[in-house]
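Asker: When you get a sec, could you give me coordinates for this:
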Amino acid sequence: MRVLWVDDEIQGFRSHILYLQDRGIEVLTASHPEEALALLREHPVDMVLLDYRMPGLTGEELLDRIREEFPGLKVAFLTMVEDPDVMEYVTRQHIVGYLVKPIRPSQILALLKQALPSEDPHPRRIRTYTDRLAAAPPTPRGWMERAMILARWHQEHPEDDTYTLERRSQNAAFAHEVRRNYPQWLQEEDLLWIHRVFARQVVPEIQAGRRVAWLVLDGFRLDQFLDLLTHLEGGYHVDVVPSLSLLPTSTLIARNALFAGLLPIEIHRRFPGALEDNQQEPALLEDHLQRLGLDVAFRYRKWTDPTGFEEVRWSAPLEVVVVSFFDWLSHIWSRHPYFRGLDFQRFVRFLMEETRLKQAIQHALKSGYTVFLSSDHGWVEASQAVVIRAGQDVRGGLRFKWGDSLRVLRGKAIEIRDLEEWGLPRHWGGRLLLAQEDGYFVYETDPSRFRQFYAGWMFHGGVSLQEMVIPVVRIRALEPEKNLA
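Answerer: Numbers count the residues shown, from 1 in each chain. The predicted structure follows:
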């Protein structure tokens, strides 16, 4: 369900909007009648919540324009005064609702449910997902569970519009929790952050005397991993454990932390310059092994194009492979009009077959290796532009920006100034902006052009369940049954 709320004091209803979003309702907002009409021309909505008295066009005049351009669109009025003339007008114009301010969020929700009864053909299926999401507690493990529920929902029903609304609602609530609790979460020793994955998941296999093939799929998301696992043939034992990527969810931060086993601030102190690129990953892993007291030979490879899978040879006790071209191909998909007509999951499925990734995994398993699959971060498809002001000192991607001159002008973002508490160095400035939900940053110099150019592209670096919750997959061949005779 999508509604447009038009009010010249819309900023005062932020808590109401969050309340509705947490219940799966997408809320577009406008503070001026002309802005409202522009939004309606661009985004179909189910209903308009309209302030009765506004500067410029009145509510009645705007209603006439809406009826003229969008016949049949449902409208409800919100007003400060319980005026008999207004009540008569509402009745005469067949308005679906009329609420007097101050308004409680629950009143709006009841109005929407009454005016827009559910038309979903699979209410029981949707209720199963939403009930499971509601039952998960707002703790780090609860958020991991929610990410898994959303991933399976998307994997099983990729065209479900209700999923999109629920995902946005969950990400809005998740961003709120991250803003409040991220530094405390980092201190929880039992949480599987990405910089703890190697020591806690991979190392026990090595210590048990097994050979390990560890494939790091750059930019692979939880739902993509679930899809990949459906393609494996034969008898294998598969464990999927969720982990949390570090912020910002960029390759420079997350993958270096994955190999180093350290927070970014610790990497910067121990290996100055390592966070500038991903060229020191073998050295970071070797240092990590030494700190763990492990003397194990490893081979590190980076496959930057699909031909890397063609001639696979597994021989070292620890084989480490960074598969970096999937992230690159994902960006190609999001920016090339030819591929945009192809569902992304089918696109990835095609790539997994054509690049022989499945065959490489199965070859390792048949060679006696335990196979680990992991990622450094996920991604989101950008849809909401966040307008920022920035000087020459700023650097970063479309979902994260470093610099001292940063300022958010319009839209939602998380601003971080106490970088050390967030496990980050002050190497690129004293301030970090993180986009949340489906947002992406555009500069104030020409926001409309940037908005149109980048909308729909795939980005990472920000705060969302799809970027931060990534799996660690362990695959082992089933042991043959013992002869009990």
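Asker: Run through the stretch 1-150 of the chain and note the low-pLDDT ranges.
Answerer: Low-confidence segments of the stretch 1-150 of the chain (pLDDT under 70): 55-59, 80-94, 117-125.
Asker: got the residue ranges for the strands in it?
Answerer: Using DSSP state E, counting those that start in this stretch, the strands assigned to the stretch 1-150 of the chain run over residues 2-6, 26-30, 47-51, 74-79, 97-100.
Asker: so what secondary structure elements neighbour the fourth one?
Answerer: Just to be clear, that refers to strand 74-79. strand 47-51, helix 59-69, helix 84-92, strand 97-100, helix 105-115 (3 or more Cβ pairs under 8 Å, 6 or more residues apart in numbering; DSSP states H and E). Yep, even glycine has a C-beta here, placed from its N, CA and C like the rest.
Asker: Just the C-alphas of the shortest one, formatted as PDB.
Answerer: Output of strand 97-100 as PDB, limited to C-alpha atoms (Å, rounded to 0.1, in the frame of the first residue of the first chain):
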ATOM      1  CA  GLY A  97     -12.400  10.000   5.500                       C
ATOM      2  CA  TYR A  98     -12.100  13.100   7.700                       C
ATOM      3  CA  LEU A  99      -9.800  13.400  10.700                       C
ATOM      4  CA  VAL A 100      -9.400  16.300  13.100                       C
END
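Asker: who does that strand touch, helix- and strand-wise?
Answerer: If you count contacts as 3+ Cβ pairs under 8 Å, 6+ apart, strand 97-100 packs onto strand 74-79, helix 84-92, helix 105-115.
Asker: Now the first one - C-alpha only, CSV.
Answerer: Pointing back at strand 74-79 there. The C-alpha trace of strand 74-79 is given here as CSV (Å, rounded to 0.1, in the frame of the first residue of the first chain):
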residue,chain,number,x,y,z
LYS,A,74,-9.3,8.0,-2.9
VAL,A,75,-8.8,11.1,-0.8
ALA,A,76,-9.1,11.8,3.0
PHE,A,77,-9.0,15.2,4.6
LEU,A,78,-7.1,16.2,7.8
THR,A,79,-8.0,19.5,9.4
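Asker: contact partners of it?
Answerer: Here strand 74-79 makes contact (Cβ atoms under 8 Å, 6 or more residues apart in numbering) with 7, 46-53, 59, 63, 66, 86, 90, 95-101, 103, 111, 115-116.
Asker: Check the longest one too.
Answerer: Counting by Cβ under 8 Å, 6+ apart, the neighbours of helix 105-115 from elsewhere in the structure are 1, 3, 15-16, 19-20, 23, 25, 47, 49, 74, 76, 96-97, 99.
Asker: Could you list the low-pLDDT ranges of the stretch 351-485 of the chain?
Answerer: Scanning the stretch 351-485 of the chain for pLDDT under 70 picks out 351-355, 479-485.
Asker: Next up, phi/psi of residue 454, please.
Answerer: When read as degrees, to the nearest 10, the backbone of residue 454 gives phi -100, psi -10.
Asker: how close does it get to residue 165?
Answerer: 23 Å (Cβ to Cβ, to the nearest Å).
Asker: Dump the helices and strands packed on strand 74-79 into TSV; add distance to residue 195 and mean neighbour count as well.
Answerer: Shown next, in TSV, are the helices and strands packed on strand 74-79 (distance: least, Cβ to Cβ, whole Å; neighbours: other Cβ atoms under 10 Å):
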stretch	distance to residue 195	mean neighbour count
strand 47-51	45	24
helix 59-69	53	16
helix 84-92	58	12
strand 97-100	50	17
helix 105-115	39	16
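Asker: Arrange these in a markdown table, one row each, with distance to residue 154 as further columns.
Answerer: What follows is these, written out as a markdown table (distance: least, Cβ to Cβ, whole Å):
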| stretch | distance to residue 154 |
| --- | --- |
| strand 47-51 | 26 |
| helix 59-69 | 34 |
| helix 84-92 | 41 |
| strand 97-100 | 33 |
| helix 105-115 | 25 |
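Asker: so which of these gets nearest residue 382?
Answerer: Of all the helices and strands packed on strand 74-79, strand 47-51 sits nearest to residue 382, with 25.8 Å by Cβ to Cβ.
Asker: How far off centre is that closest one?
Answerer: Relative to the centre of its chain, strand 47-51 is centred 29 Å away, using Cα atoms, centre = their mean, to the nearest Å.
Asker: what's that strand packed up against?
Answerer: Applying 3+ Cβ pairs under 8 Å, 6+ apart, one finds that strand 47-51 contacts strand 2-6, helix 59-69, strand 74-79, helix 105-115.
Asker: Nearest to residue 283, out of the ones you listed?
Answerer: Among the helices and strands packed on strand 47-51, strand 2-6 comes nearest to residue 283, with 49.9 Å by Cβ to Cβ.
Asker: what lines up beside the closest one in the sheet?
Answerer: strand 26-30 (parallel), strand 47-51 (parallel) (DSSP bridges).
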